[in-house]
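> Turn this into a model:
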Amino acid sequence: MTREMTPEFQYYSIYINYLYISHACRRHRLRPDMPLAVPADAPRHTRRRAGIPTRTGGEFIADRGKIIPYVTSCPERGIAIILHVRTRCGPYGMPRNQPMANRPEPGKLSFLKRRIIIDTDPGQDDAVAIFLALASPEITVQAIVAVAGNVPRERTLENACRVLEMAGRTDIPVFAGAARPLRPVQTTAEHVHGPTGLDGIDLSVPPAMAVQEHDGVTYLVDAIRRAQPQELTLVMLGPLTDLAMALTLAPDIAGRIREVVLMGGAWSELGNITPAAEFNIYADPQAADIVFSAGIPLVVLPLDVTHKCLGTPERLAALRANANRCSVAAADMLSYSERFDLHKYGWKGAPLHDPCTIAWLVAPELFGGRHVNVGIETEGRLSVGMTVVDWWKVTDRKPNALFVREVDSDAFYSLLATRLATLP
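I've put the predicted structure just below:
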């Protein structure tokens, strides 16, 4: 089973059947003379003679002896290959050194959940992204940090609490991020999202949920230091101010972050707030420059991919047809925020930005991109906030991000509608 991809795509980690294979491609490369596929029931010695790894070193959890898909690649051929490998696990599918107290009940398939912190500036599309994260069993949302962005911070804090209340997840703490960007001038987007940020739904009742006392930047530093190395993934849905401040205060956390998955930037789509810049990067280009220069594994979901995820009337109707509270709220919010983009672009639907980050974590096989160098313009007279993407590798700058440009938009919206149907 093969899928055409560019060689630059070879090392990105992927979920298959809710099982996360971590950097398997980097450890197990195929040679050009290897077979493109081996049957799932092939004997172990056959797979070994073919040069296909028969174990993954405990990088994932599966039922003992269960055959699962395994993803690797052949850089010389520029393709990704899905093989099948029998795992070596201890009782109940857990690694042999796993404490008994943490083992699942016999017969239940367990998977390695991605633990994330969401840094966000809700925003209608931010709210839908949070809904999708809460509805995805592959993800554990540890906390939400609300930063100034689409609307001022007092609004984003209120909106984050409101979204969690709608989803029935008031157990997730909300922290106050930065109130202002590192750059001198603050830019907001009420012209798109309305004065509240969540216009389109009934906001007459204020949220009852309280914001945590500790500030969000300090929380990020403490949470990353307390976690195991590479345990936490940060999902950045707004300006990158909080993470930039955390990295400035505690540079040591850069090596402990598993990955930063962010919505921001553009290459072929240029800008949506200026002719050259996308809003999240433009709102704090100095912060973005710090993050993109920190050496953290980055996954960038830019306008190039979000502009392919159009919220057509049919797709919004499918959300509303779920008839549950969160799905209807999502459809109502997006129906409001799309008015600006429908007038601006003249398309059949408005782009849906932030949920692409969560969809990539849940189903990265829906997306395609390259590992390239992405720089941030901080001083240009006309291009401040521009993401300078070396897509064709015309420089010798080292790749620092997986820059995603392709998406199966039908599958994306199908995933969104299916998952949101499971919420209240």
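> Number of residues surrounding the nearest residue to residue 366 once chain neighbours are set aside?
Distance criterion C-beta to C-beta, 6 or more residues apart in numbering; nearest residue to residue 366, sequence neighbours excluded, is residue 408 at 4.7 Å. C-beta: built from backbone N, CA, C; applies to glycine. Neighbourhood size, residue 408 [other C-beta atoms under 10 Å]: 17.
> Return the distance of residue 408 relative to residue 363.
From residue 408 across to residue 363, the span is 9 Å (C-beta to C-beta, to the nearest Å).
> repeat for residue 240
24 Å.
> So if I had to pick from those two, which one is more boxed in?
More neighbours surround residue 240 than the other of residue 240 and residue 363, with 32 against 19 (other C-beta under 10 Å).
> Can you check which helix is longest in this structure?
Among the segments of the chain that qualify as a helix by DSSP state H, the longest is helix 325-345.
> now that one, how far from the chain's geometric center?
21 Å (C-alpha atoms, centre = their mean, to the nearest Å).
> from memory residue 361 sits against residue 140, does it?
No. If you go by C-beta atoms under 8 Å, residue 361 and residue 140 don't touch, sitting 11.2 Å apart.
> Which residues are in contact with each of those two?
Taking C-beta atoms under 8 Å, 6 or more residues apart in numbering as the criterion, residue 361 and residue 140 both touch 114, 116.
> Have a look at those two and say which one is more surrounded.
Per other C-beta under 10 Å, whichever of residue 361 and residue 140 has more neighbours is residue 361, with 22 against 12.
> Can you verify the more buried one is assigned to a helix?
Yes. Counting by DSSP: H, G, I helix; E, B strand; the rest coil, residue 361 is found in a helix.
> what residues are up against the residue nearest to it when sequence neighbours are not counted?
Spatial nearest neighbour of residue 361, excluding adjacent residues (C-beta to C-beta, 6+ apart): residue 114 at 5.8 Å. When contacts are counted by C-beta under 8 Å, 6+ apart, residue 114 touches 20, 138, 139, 140, 233, 361.
> Can you report how many residues lie near the third one?
It stands for residue 139. Neighbourhood size, residue 139 [other C-beta under 10 Å]: 20.
> my guess is it contacts residue 113, does it?
Yes. Counting by C-beta under 8 Å, residue 139 touches residue 113, with 6.4 Å between them.
> show me the contacts for the most centrally placed residue in the chain.
The centre of the chain sits closest to residue 357, judged by C-alpha atoms, centre = their mean, with a distance of 2.9 Å. Contact partners of residue 357, counting by C-beta under 8 Å, 6+ apart, are 129, 235, 236, 237, 261, 262, 263, 299, 301.
> go with 10 Å
Contact partners of residue 357, counting by C-beta atoms under 10 Å, 6 or more residues apart in numbering, are 116, 118, 120, 126, 129, 132-133, 235-237, 260-264, 299-301, 306, 404.
> Then residue 373?
292, 388-391, 393, 395-401, 403.
> a strand runs through residue 211, doesn't it?
No. Under three-state DSSP, residue 211 sits outside any strand and is assigned coil.
> Just give me the neighbour total for it.
Neighbours of residue 211 using other C-beta under 10 Å come to 18.
> how close does it sit to residue 334?
As judged by C-beta to C-beta, residue 211 and residue 334 stand 26 Å apart.
> Residue 235 now?
Counting by C-beta to C-beta - residue 235 and residue 334 are separated by 19 Å.
> Between these two, which is the more surrounded one?
residue 235 (27 against 23).
> Looks to me like that one is in a strand.
Yes. Per three-state DSSP, residue 235 lies within a strand segment.
> from memory it sits against residue 117, does it?
Yes. Residue 235 lies in contact with residue 117 (C-beta atoms under 10 Å); the separation is 7.2 Å.
> Report the rounded mean pLDDT for the longest helix of the chain.
Average pLDDT, helix 325-345: 93.
> Just the buried positions in it, please.
326-338, 341 (16 or more other C-beta atoms under 10 Å).
> Take those residues and write them to CSV, including distance to residue 171.
Listed next are the buried residues of helix 325-345 as CSV, based on distance: C-beta to C-beta, whole Å:
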residue, distance to residue 171
326, 16
327, 21
328, 23
329, 20
330, 21
331, 26
332, 25
333, 23
334, 26
335, 30
336, 29
337, 28
338, 32
341, 34
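> That'll do, ta.
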